[in-house]
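Enquirer: Predicted model and sequence follow; I will ask about them next.
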Amino acid sequence: MLSYAEILLSEAEGFMNTFWWTNNKSSKGIHWSGWEPLCKPKDAGGMGFKDLVLFNKALLAKQVWRILTQRKCLLAKVLKARYYPHSNILAAKIGSYPSFTWRSICSAREFIENGLLWRVGNGSGINIWNDPWLPGRKNNRVSIQRILPNWTTVNQLINCETFTWNEEFLLNIFDVDTAKRILSIPIAEGRSEDLRVWKHEGSGEYTVKSGYRVLSSEHLQNITVALPDGVIYSEFYKSLWALHIPAKIKIYIWRLFNNFLPHLCNLARRTLSAEIVCPLCQKGPEDANHLMWSCEILQTVWKSLNIMAPSFESSIGGKICFANTFSAANEQQRQMMALSLWGLWYRRNKLFHKGVKFSLQEILGFLKGYSQELNLNREIFLPSFRYLVNEIWKPPDVGFIKLNFDAAFQNDIKLAITAVLARNSARDIVGAETYLFKDVTDAFVAEARACERALILAAALGFRRLVLEGDSLTVIKSIKKRQNDKSVLQLITQHFFFLEASFEEISYLFVPRLVNDATHTLALEGRRMEAFRVWSNGVPDSVQTLALKNNLAWNHRLQGVF
């Protein structure tokens, strides 16, 4: 049985669906689909509109998160005093005669609870066997094979002297996969508290955006029905929406591909037309397959525009033929294919409704001119790389050492090779290192570990005034926050603050990947050569070449070549 809120939201969705399909002039139109298909992501065949029921639940979940994490706020105090004075928001019962607000908030508690994950600090507050604390989006609890009662909390799995996981002990009591997942959890030196975080967001904080994304993904999995022919069109949709053409043309192609057009076969099916023959070629029924593939006029236009349309078996439908051809074409050909379909439909309507005679030469001239105009506008409004003068490596000031850091992350085996390249104000390489990390959770952790290694290398080489540059904006922002948060990077950046005590002055800068190319190449060379060490006797030739290229670019900048 639907709640009052769900009924109200469904009615609102009906109004929006009417607005989407209604003709602006007559306020009438055919509803070619319900609202639910339009709410699918664009790469799944929808328009990416909001499902209001799911969005409302994501908003309610935000209130649950607020009550859970901000216990001193007025809302949390009032609800606790009224509904759960001796419990917490997740364990509270709805109770008798609950308010509409409380009942609505309770409807989102299970969603929040399923998305909670313990982030390991000191590990004393996390139960090994019952709490969700393993990293990942699913199966965050330990699969119980045998429970050892003498080992109950996570801190018992940590070596307190080295602040590392007791790897030998983990392999003895857990299976190999579980042990690897535990070893991938970073541990901070110190006594940081265990935190409950939202596992679907890198920051650890719940956001309405991430909540809606999770809800819509789950809903899409539940309603998705396999196509009879087993074809997946996600690549077609991605290439369609990525085209640099007006949105009205992309929407037309989307409507044609999903059979949402008032062509003659669709109108005949609704008893709105007695004719079904294509007005342009007069040689076949006008349906979606005909309009996007088999129409002779369309094939002639494509041939004149040098669009290579491969031949397919007659048993394969026009939809599959068009999707495969469109996905395999280059961007210019995709643009012309989309423009030709839209242009022919426009001319078809002129012929059918106003009796304007169709001319093949006219449509070809229109399409070529329109395409040239689109490409010209794109060149004018898109920035030119010639003016991106800041995308070059800049040497540090006199007395400073600049350390660029980067990481090459291998997701399949959870390995990261970090690289650090130190240069002085004279642009000489004064230190370099490659280092291997095992059991790394993701690329952001790998980048944070690379920054950590940069500090360790600088301390070992006796540098005192540093500039650290990396191409991971997430890591740089996490370091600059200088405050506790729920991010997994926070456990690593805490160690940065301890290491910073060894230096007189230090700053962190974000740079584009192009500026960091020499360090990135060093990481790749370290992985290729399986050389994980301090490079005291030079660096690989490929790295040296890029460093010299950086120096040359800076010389050109000083000379005003740009």
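Expert: Nice, thanks for sending it over. This is a predicted model, so every value here is computed, not measured.
Enquirer: any idea where the helices of the stretch 201-350 of the chain begin and end?
Expert: Here the stretch 201-350 of the chain has its helices, by DSSP state H, counting those that start in this stretch, at 208-223, 234-241, 247-257, 264-269, 288-289, 296-304, 318-328, 331-354.
Enquirer: element containing the closest residue in space to residue 82 that isn't next to it in sequence, please.
Expert: Leaving aside its chain neighbours, residue 82 sits nearest to residue 102 (7.6 Å; criterion: CB to CB, 6 or more residues apart in numbering). Glycine gets a C-beta too; all of them are placed from N, C-alpha and C. Secondary structure from DSSP states H and E places residue 102 in helix 100-106.
Enquirer: quick one: contacts for the nearest residue to residue 153 once chain neighbours are set aside?
Expert: Nearest non-adjacent residue to residue 153, counting by CB to CB, 6+ apart: residue 124, 5.6 Å away. Contacts of residue 124 were listed using CB atoms under 8 Å, 6 or more residues apart in numbering, and they are 153, 154, 155, 194.
Enquirer: looking at these, which has the most residues close by?
Expert: residue 154 (23 neighbours; other CB atoms under 10 Å).
Enquirer: I'd like the distance between that one and residue 160.
Expert: Distance of residue 154 to residue 160, computed by CB to CB, to the nearest Å: 12 Å.
Enquirer: got it, and residue 543?
Expert: Taking CB to CB, one finds residue 543 at 39 Å from residue 160.
Enquirer: got it, and residue 168?
Expert: 15 Å.
Enquirer: So for the two, which residue has more residues nearby?
Expert: Neighbour totals were compared for residue 168 and residue 160, and residue 160 leads with 11 against 8 (other CB under 10 Å).
Enquirer: confidence score at the more buried one?
Expert: Residue 160 is assigned 80 on the pLDDT scale.
Enquirer: How much space separates the residue nearest to residue 92 when sequence neighbours are not counted from residue 97?
Expert: Take residue 92 and drop its neighbours on the chain: the residue closest to it by CB to CB, 6+ apart is residue 84, 3.4 Å away. To residue 97, residue 84 is 15 Å away according to CB to CB.
Enquirer: Comparing these two, which shows the higher neighbour count?
Expert: Between residue 84 and residue 97, residue 84 has the larger neighbour count (other CB under 10 Å), namely 17 against 6.
Enquirer: any idea which element the residue nearest to residue 153 lies in?
Expert: Going by DSSP H and E, residue 124 is not in any helix or strand.
Enquirer: which of the residues in the lowest-mean-pLDDT helix or strand in the chain are buried?
Expert: When each helix and strand of the chain is scored by mean pLDDT, DSSP states H and E, helix 490-499 comes last, with a mean of 81. The neighbour-count check on helix 490-499 (16 or more other CB atoms under 10 Å) flags 490, 491, 492, 493, 494, 495, 496 as buried.
Enquirer: Could you do stretch 48-64 as well?
Expert: Those would be 49-58, 60-64, for stretch 48-64 by 16+ other CB under 10 Å.
Enquirer: can you pull out the strands in this protein?
Expert: Here the chain has its strands, by DSSP state E, at 116-119, 158-159, 164-165, 195-198, 401-410, 415-423, 429-438, 465-470, 505-510.
Enquirer: Could you spell out the sheet neighbours of the first one, each with its direction?
Expert: Each strand pairing with strand 116-119, determined using DSSP bridges, is listed with its direction: strand 195-198 (antiparallel).
Enquirer: Mind exporting the C-alpha coordinates of the strand it pairs with to PDB?
Expert: Output of strand 195-198 as PDB, limited to C-alpha atoms (Å, rounded to 0.1, in the frame of the first residue of the first chain):
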ATOM      1  CA  LEU A 195      34.300   6.300  12.900                       C
ATOM      2  CA  ARG A 196      31.100   5.300  11.200                       C
ATOM      3  CA  VAL A 197      31.200   6.400   7.700                       C
ATOM      4  CA  TRP A 198      29.100   6.300   4.500                       C
END
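Enquirer: contacting residues around that strand?
Expert: Surrounding strand 195-198, the residues in contact under the criterion CB under 8 Å, 6+ apart are 65, 68-69, 112, 115-119, 121, 204-207, 210, 486.
Enquirer: any idea which of these has the most stuff around it?
Expert: Counting neighbours by other CB under 10 Å, residue 206 leads the contacts of strand 195-198 with 26 neighbours.
Enquirer: Roughly how far does that one sit from residue 115?
Expert: Applying CB to CB to residue 206 and residue 115 gives a distance of 7 Å.
Enquirer: do the same with residue 158
Expert: Using CB to CB, residue 158 is found at 25 Å from residue 115.
Enquirer: Kindly report the same for residue 533.
Expert: As judged by CB to CB, residue 533 and residue 115 stand 42 Å apart.
Enquirer: Please apply the same query to residue 183.
Expert: Here residue 183 is placed at a distance of 24 Å from residue 115 (CB to CB).
Enquirer: Just give me the neighbour total for residue 364.
Expert: 16.
Enquirer: Was I right to think it contacts residue 300?
Expert: No: with contact defined as CB atoms under 8 Å, residue 364 and residue 300 do not form a contacting pair (9.3 Å).
Enquirer: Give me the residue ranges of the stretch 151-300 of the chain where confidence is low.
Expert: By pLDDT under 70, the weakly predicted segments of the stretch 151-300 of the chain are 188-191, 223-232.
Enquirer: Actually, the stretch 1-150 of the chain.
Expert: Low-confidence segments of the stretch 1-150 of the chain (pLDDT under 70): 1-2, 23-27, 145-146.
Enquirer: the helices in it, which residues?
Expert: 4-21, 35-38, 52-69, 74-83, 100-106, 109-114.
Enquirer: With respect to burial, which of those scores highest?
Expert: Per residue and on average, the most neighbours among the helices of the stretch 1-150 of the chain fall to helix 52-69, with a mean of 20 (mean count of other CB atoms under 10 Å).
Enquirer: Output the contacting helices and strands for that one.
Expert: In terms of contacts (3 or more CB pairs under 8 Å, 6 or more residues apart in numbering; DSSP states H and E), helix 52-69 is packed against helix 4-21, helix 74-83, helix 100-106, helix 109-114, strand 195-198, helix 208-223.
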